[in-house]
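**Student:** got a predicted model here, sequence first, then my questions.
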Amino acid sequence: MRQGHTAPARHNQLSDPDGFYEALLDAHEGLSADASVALNARLILILANQIGDQRLLAECLALAKA
C-alpha cells in the first residue's frame, strides 16, 4: 500500500479528459454488454491497484455512490 492518505480529487486531474473519455468509448466499441461489463471490472481493478490506498479507495467508492 502506498504511504500517505489523500482525499479523492474533486476537480479535474486529467490533462485531456475528453481524450480519455474518447479512448474509453473506443475500448468498448464492438463489445457485447457482457464484455463491456468485464472490461469495466478489469479497468477498475487495475486502477485500484495503481491507487493502492485502501482508505482512499473506500472514499472513492462512497463518492461514486453519492
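**Tutor:** Cool, got the structure.

**Student:** then the helix or strand of the chain with the lowest mean pLDDT to CSV, C-alphas only?
**Tutor:** In the chain, no helix or strand scores lower on mean pLDDT, DSSP states H and E than helix 54-65, which sits at a mean of 95. Written as CSV, here are the backbone C-alpha positions of helix 54-65 (Å, rounded to 0.1, in the frame of the first residue of the first chain):
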residue,chain,number,x,y,z
GLN,A,54,-7.5,1.2,0.8
ARG,A,55,-8.9,4.2,2.7
LEU,A,56,-8.7,6.4,-0.4
LEU,A,57,-10.5,3.6,-2.4
ALA,A,58,-13.2,3.4,0.2
GLU,A,59,-13.7,7.2,0.0
CYS,A,60,-13.8,7.0,-3.8
LEU,A,61,-16.5,4.2,-3.6
ALA,A,62,-18.6,6.4,-1.2
LEU,A,63,-18.2,9.4,-3.5
ALA,A,64,-19.3,7.3,-6.5
LYS,A,65,-22.4,6.0,-4.6
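
**Student:** tell me the buried residues in that helix?
**Tutor:** For helix 54-65, a neighbour-count test (16 or more other Cβ atoms under 10 Å) marks 56, 57, 60 as buried. Where you see a C-beta, it was placed from the backbone N, CA and C, and this is true even at glycine.

**Student:** just the closest of these to residue 10, please.
**Tutor:** The shortest separation between residue 10 and any of those is 10.8 Å, and it belongs to residue 60 (by Cβ to Cβ).

**Student:** disregarding residues adjacent in the polypeptide, which is nearest to residue 36?
**Tutor:** In space, not counting the residues next to it along the chain, residue 36 is nearest to residue 28; the distance is 5.0 Å by Cβ to Cβ, 6 or more residues apart in numbering.

**Student:** and that neighbour, how far is that from residue 59?
**Tutor:** 27 Å (Cβ to Cβ, to the nearest Å).
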